[in-house]
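Peer 1: Sequence and predicted structure below; questions after.
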Amino acid sequence: QVQLVESGGGLVQAGGSLRLSCAASGRTFSNYAMGWFRQAPGKEREFVAAMAWRGGSTVYADSVKGRFTISRDNAKNTAYLQMNSLTPEDTAVYYCAARSYYIQKTANAYDYWGQGTQVTVSS
């Protein structure tokens, strides 16, 4: 089992930045690919970004490419999502997720999920 806890969400004005953290506990964190997803009210959960287990490979949704950066610190068992140039369309609950080793962009490929953290971007 892997337990995931997100933090760092909040209210920010358009154009601002936030950094989300995802603290992991349980099994060896470095063996897991980490993903970030988001879900806005009335919408399906969507892929945002993911990083492979060794941190070498990353993939982003087109909507966040160039603005968001995923990273991880395996020594701290923590993944991050740096979000810059935020827009109201980025408002959602953000979830981190983990799966063994390799990146996937579909939510149902992930085995472990955090509880989510709210990000609200005001115009």
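Peer 2: Sure thing, it's come through.

Peer 1: Just the pLDDT for the spatially most central residue of the chain.
Peer 2: Centroid-nearest residue in the chain, with C-alpha atoms, centre = their mean: Trp36, separated by 2.5 Å. Per-residue confidence (pLDDT) for Trp36: 98.

Peer 1: Just give the nearest non-adjacent residue to it, would you?
Peer 2: Val48 (4.3 Å; C-beta to C-beta, 6 or more residues apart in numbering). For every residue, glycine as well, the C-beta is placed using N, CA and C.

Peer 1: Tyr32 too?
Peer 2: Here the residue nearest Tyr32, using C-beta to C-beta, 6+ apart, is Ala98, at 4.2 Å.

Peer 1: returning to what we had before: so the residue nearest to Trp36 sits against Leu81, correct?
Peer 2: Yes. The criterion here is C-beta atoms under 8 Å, and Val48 meets it with Leu81 at 7.1 Å.

Peer 1: Between these two, which contacts overlap?
Peer 2: 36, 68, 94 (C-beta atoms under 8 Å, 6 or more residues apart in numbering).
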